[in-house]
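Student: give me coordinates for this.
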Amino acid sequence: MSVPCFLSSAARSFSLPCPTAGLLCCRLRGSSSVTSRRNMTSKRQMDHLERTASNSRQSALYPAQVCGIMNESDTVKRLRIAVHPDFSFKAGQWVDFFIPGVEKVGGFSMCSSPGLLQREGVVELAVKYAKHPPAHWVHTACTVGSRVAMRVGGDFFFDPLPSDPTMDLLLVAGGVGINPLYSILLHATDLLHRSQASGGRDYNIGSAHLCYSAKNTQELLFKSPIIEACQEFPDKLSCDLHITQQSTDVEPHLQPFVSCGRITEEELRAHVDPQRTLCFLCGPPPMIEAISKTLMDMGLAKDRILFEKWW
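Tutor: Just a heads-up that it's a prediction; the model follows:
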């Protein structure tokens, strides 16, 4: 993979003390999966490092450089970041995001696949505008060429092996909680391509269904590539996109995929098989708690419901 010369010449990585260095990062495989569930009951806004203190994270801090910026929506910027050749992550994980001159450390989930990193040496982050210093920097000061540093962490990821049994994925996202789930969906798509190329002798890929809710279609991030992936693999990938606060008509090309209102119990039930389904949830805590309860009432075991709460 090609990377800028300043990265390929950076032979060493930086290391910072890691409070969870002794923890092992567990692969999420069916009913044996292990995930960290965070108690977010405190009303005080916790910083990323405090909120994720109990999570696994890599010990190495790698230099990186912003090589592309685009507006994903009116409130979200997507960064394309060239990384060190030794940088690696699993679909669904996040990074500790260090910015020169900014005291606070950001926490942003990758919204790209490990396959893009392997092919092009880059990762992508989608960051919503906020007054929190790292997000504010992304929206007001970050430019192509800005140098940062990143460290990978998180116990919420999808990383199957070819020998793993077939499983079906149910991905449920609210707002910018789509980021890690989009990474997982892209990884599933990459694995489907590999399986297709090998004649089914590589990975045993089941189905993946995405339920995604946002205020309006403008805030439905990545909607076009999500729909394109579902159209490429109609027997494997599907999606239900929801909008909750839109007053204008939905664009005609989106209408077959978009519903008004919140994600329903009936919709979830149609994609839950207690023996095969592994569910990943990311969004506001009240949404996660309500959907987790609904899924357990449908017979899905607690250890097959994996979630990430970011705010």
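
Student: domain map for the chain?
Tutor: 57-153, 168-309 (the TED database).

Student: touching, V122 and V66? I think so.
Tutor: No - using C-beta atoms under 8 Å, V122 is not in contact with V66, being 10.0 Å away. All C-beta atoms are positioned from the backbone trio N, CA, C, and that covers glycine.

Student: of those two, who's got more company?
Tutor: V122 (21 against 18; other C-beta atoms under 10 Å).

Student: ranges for the strands of the stretch 1-150 of the chain?
Tutor: 14-15, 60-71, 76-83, 94-98, 106-109, 122-128, 147-153 (DSSP state E, counting those that start in this stretch).

Student: next: the stretch 201-311 of the chain.
Tutor: Using DSSP E, counting those that start in this stretch, strands in the stretch 201-311 of the chain cover 205-214, 237-243, 258-260, 277-283, 305-309.

Student: for those, which has the smallest mean pLDDT value?
Tutor: Here the strands of the stretch 201-311 of the chain differ in mean pLDDT, and the lowest is strand 305-309 at a mean of 90.

Student: re the thing from before, closest to D47 out of the domains of the chain?
Tutor: domain 57-153 (6.3 Å; C-beta to C-beta).

Student: quick one: distance of that closest one to the chain centre.
Tutor: Chain-centre distance of domain 57-153: 13 Å, with C-alpha atoms, centre = their mean, to the nearest Å.

Student: what about that domain, average pLDDT?
Tutor: So the average pLDDT for domain 57-153 ends up being 97.

Student: give me the residues contacting stretch 75-82.
Tutor: 3-4, 7, 64-72, 111, 121-129, 138-139, 142, 148, 150, 176, 219, 221 (C-beta atoms under 8 Å, 6 or more residues apart in numbering).

Student: F98 - how many residues pack around it?
Tutor: 20.

Student: list the beta-bridge partners for it.
Tutor: Beta-bridge pairing of F98 under DSSP bridges involves A149.

Student: tell me which other helices or strands the helix of greatest length in the chain touches.
Tutor: Determined from DSSP state H, the single longest helix within the chain is helix 178-197. Contacts defined by 3 or more C-beta pairs under 8 Å, 6 or more residues apart in numbering; DSSP states H and E place helix 178-197 against strand 106-109, helix 114-120, strand 167-174, strand 205-214, helix 223-232, strand 237-243, strand 277-283.

Student: same thing but 6 Å
Tutor: strand 205-214, strand 277-283 (3 or more C-beta pairs under 6 Å, 6 or more residues apart in numbering; DSSP states H and E).

Student: in the sheet, which strands lie alongside the first one, parallel or antiparallel?
Tutor: I take that to be strand 205-214. Assessed with DSSP bridges, strand 205-214 is paired to strand 167-174 (parallel), strand 237-243 (parallel).

Student: again with the last one
Tutor: On the basis of DSSP bridges, the sheet neighbours of strand 277-283 come out as strand 167-174 (parallel), strand 305-309 (parallel).

Student: show me the contacts for L125.
Tutor: Counting by C-beta atoms under 6 Å, 6 or more residues apart in numbering, L125 makes contact with 79, 108.

Student: hang on, I meant C211
Tutor: 172, 240, 263.

Student: report the contact partners of the last one.
Tutor: Just to be clear, that refers to I263. 211, 213, 242.

Student: residues near D47, how many?
Tutor: 15.

Student: now it: how far from E103?
Tutor: 10 Å (C-beta to C-beta, to the nearest Å).

Student: equivalent analysis for A91, please.
Tutor: A91 is 30 Å from E103, by C-beta to C-beta.

Student: and for A188?
Tutor: A188 is 38 Å from E103, where distance means C-beta to C-beta.

Student: out of these two, which sits in the busier spot?
Tutor: A188 (26 against 7).

Student: quick one: contacts for the residue sitting nearest the centre point of the chain?
Tutor: Nearest residue to the geometric centre of the chain (C-alpha atoms, centre = their mean): P180, 0.5 Å. Taking C-beta under 6 Å, 6+ apart, we find P180 in contact with 92, 109, 282, 308.

Student: now Q93. Nearest residue, chain neighbours left out?
Tutor: Leaving aside its sequence neighbours, Q93 sits nearest to G154 (C-beta to C-beta, 6 or more residues apart in numbering; 4.1 Å).

Student: next, that neighbour: phi, psi?
Tutor: When read as degrees, to the nearest 10, the backbone of G154 gives phi 120, psi 140.

Student: what sits against it?
Tutor: G154 touches 55, 93-94, counting by C-beta under 6 Å, 6+ apart.

Student: follow-up on the earlier one: would you turn the contacts of P180 into a markdown table with distance to S163?
Tutor: Output for the contacts of P180, formatted as a markdown table (distance: C-beta to C-beta, whole Å):
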| residue | distance to S163 |
| --- | --- |
| G92 | 20 |
| S109 | 27 |
| C282 | 27 |
| E308 | 26 |
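
Student: with distance to R51 added, can I get the domains of the chain in TSV?
Tutor: Below are the domains of the chain laid out as TSV (distance: least, C-beta to C-beta, whole Å):
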stretch	distance to R51
domain 57-153	7
domain 168-309	9
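
Student: good, we can wrap up now.
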